[in-house]
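# Give the three-dimensional model of this entry:
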Amino acid sequence: VDGVDVEYHAPDGALASAQVRVVAWDDPAANDWLAVNQFTVSEAAAGVTHTRRPDVVLFVNGLPLGVIELKNAADEDATVWTAFRQLQTYRAELPTLFAYNALLVASDGVQARVGTLTADRARFMPWRTVTGEALAPATASELEVLLGGTCEPRRFLDLVRHFVVFERDGEGDPVKKMAGYHQYHAVNVALEETRRAALGGADGRADRVREGGRYETRRPGGAEGDRRVGVVWHTQGSGKSLTMAFYAGRVILDPAMRNPTLVVLTDRNDLDEQLFGTFSRCRELLRQEPVQAQDRAHLRALLAVDAGGVVFTTVQKFFPEAKGDTHPLLTARRNVVVIADEAHRSQYDFLDGYARHLRDALPGASFIGFTGTPVELTDKNTRAVFGDYISVYDIQRAVEDRATVPIYYESRLAKLALSEAARPTLDAGFE
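Residues are numbered from 1 along each chain as shown. Alright, predicted model coming up:
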């Protein structure tokens, strides 16, 4: 993604080194694009040579970044999972082909799924929209929507550069993860709204290239330059933590944000640890190491910088030392973004909650909230701090995409028994 280091001989004969960019990320047309049908690959291992012909291999500047396996819709024995299993065979027998691979596509002409090299069947997911403005109609070809949504040159490069991360599974093996369509479009909308909220005017919205991007058509999170980015409501189990990491990576690399400082905010230590672990595993996406604030003094030192930094803290660390005091100013820069997890919580109240102290400490900061549960219509505090919804991925849509499992409720009457002897002491014990 960042290029490769090469050595060469300078005109004077001295050995020099430089970094060569192998992909023009910001100018898709400057790259060489090639899709090869029935591309023959032979590879030998342990004295056995395997020769296979993947249906379509996608090359960018000679790098095989995508592999597509297609099955005949007229063959009743061929399904999308037959194509998936064929990809697993390629992976086992032709490992060199996948050294640079970013995405795999499997389709039987009716259904289509996309995943990464290490994704199991459950993580090969549909791609439901092309531009992100609305879901594709049920009559649309799944393969056509998937290819339009992921393989259009600009979106393809965007996915490879900003939306692929590596983590470790329970056994310590590396796992490659790519954003789903709801994550991809939510992050791009959030970046657009961050420019609007943090920069505003000529520095923000006027400079932007509109790619569409909203999963559903929604109003902006707030007004120009009002520092309210908006609220991302993605149901629990749909990858909200990774969405936050993808968003952080996009904001950090955005030239308009001029090397911003990100403050990742939670209201509990266990959530802080969990999110910090996710971001730490995505450090290459962030281009820096995130840091956890250990106490108030450490937090103030971390935020007293001129640029950069990904700082994790609980909201309670913004409370002043003495009751009734105001928090000292830490920085007035406008390229500071506060990313709040579970943004619907009451701790973010402007009037007498911690949000007021945040504003005292970071008066130029913009706020974005992520939540796994919907914000109540009567909740004015959340909207006052963060703005309106900018992306919604509710549980019904997540279940339909099989991103999470359905929840079933069964009503039962809990039978309680209390001895006569214990009843006279119950009230006194409760008091």
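# Go ahead and confirm residue 2 touches residue 20.
No. Between residue 2 and residue 20 there is no contact under Cβ atoms under 8 Å: 10.5 Å. Every residue, glycine included, has its C-beta placed from N, CA and C.
# contacting residues around residue 260?
198, 251, 252, 254, 307, 308, 335, 336, 337 (Cβ atoms under 8 Å, 6 or more residues apart in numbering).
# Buried subset of those, written for ChimeraX?
Typed into ChimeraX, the next command selects the buried ones out of these (criterion: 16 or more other Cβ atoms under 10 Å):
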select :198,251,252,254,335,336,337
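# Distance to residue 52, pLDDT and secondary structure for the contacts of residue 260 - can I get that in TSV?
Formatted as TSV, the contacts of residue 260 follow (distance: Cβ to Cβ, whole Å; pLDDT from 0 to 100; DSSP: H, G, I helix; E, B strand; the rest coil):
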residue	distance to residue 52	pLDDT	secondary structure
198	49	94	helix
251	41	97	helix
252	39	97	helix
254	41	95	coil
307	49	91	coil
308	46	94	coil
335	49	95	coil
336	51	96	strand
337	46	97	strand
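# And the contacts of residue 260, which two are furthest apart?
198 and 308 (15.3 Å; Cβ to Cβ).
# so where is this structure shaky, pLDDT-wise?
201-221, 322-325, 343-353, 377-381, 429-431 (pLDDT under 70).
# what are the ranges of the helices in it?
Under the criterion DSSP state H, the chain carries helices at the ranges 80-93, 142-150, 153-162, 181-198, 240-253, 269-281, 283-286, 296-303, 354-361, 380-386, 395-400, 423-430.
# what's residue 30 in contact with, if anything?
Counting by Cβ under 8 Å, 6+ apart, residue 30 touches residue 24.
# Next: residue 168.
By Cβ under 8 Å, 6+ apart, the contact set of residue 168 is 174, 175, 281.
# Can you lay out the contacts of residue 260 as CSV showing distance to residue 51?
Shown next, in CSV, are the contacts of residue 260 (distance: Cβ to Cβ, whole Å):
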residue, distance to residue 51
198, 54
251, 46
252, 44
254, 45
307, 53
308, 50
335, 53
336, 56
337, 51
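# in stretch 126-139, what's buried?
Buried, per 16+ other Cβ under 10 Å, within stretch 126-139: 126, 127, 128, 129, 130, 131, 132, 135, 136.
# actually stretch 178-193, sorry about that
178-193.
# on that earlier part again, can you check which residues contact both of residue 2 and residue 20?
Contacts common to residue 2 and residue 20, judged by Cβ under 8 Å, 6+ apart, are absent.
# Farthest-apart pair in the buried residues of stretch 178-193, please.
Pairwise distances among the buried residues of stretch 178-193 were taken by Cβ to Cβ; the largest, 23.0 Å, belongs to 178 and 193.
# Tell me how far the spatially most central residue of the chain lies from residue 276.
The C-alpha lying nearest the average C-alpha coordinate of the chain belongs to residue 243 (Cα atoms, centre = their mean; 2.4 Å). For residue 243, the distance to residue 276 equals 16 Å [Cβ to Cβ, to the nearest Å].
# what's the answer for residue 51, then?
On the measure of Cβ to Cβ, residue 51 and residue 276 end up 47 Å apart.
# higher neighbour count, those two?
residue 276 (18 against 11; other Cβ atoms under 10 Å).
# Please name the nearest non-neighbouring residue to the more buried one.
residue 312 (4.8 Å; Cβ to Cβ, 6 or more residues apart in numbering).
# Verify the stated contact: the one you found with residue 277.
No. Assessed by Cβ under 8 Å, residue 312 is found out of contact with residue 277, at 10.1 Å.
# Looking at the two, which is more packed in?
Ranked by neighbour count (other Cβ under 10 Å), residue 312 and residue 277 place residue 312 first, with 23 against 13.
# In contact with that one, which residues?
Going by Cβ under 8 Å, 6+ apart, residue 312 touches 264, 266, 272, 275, 276, 279, 290, 291, 292, 293.
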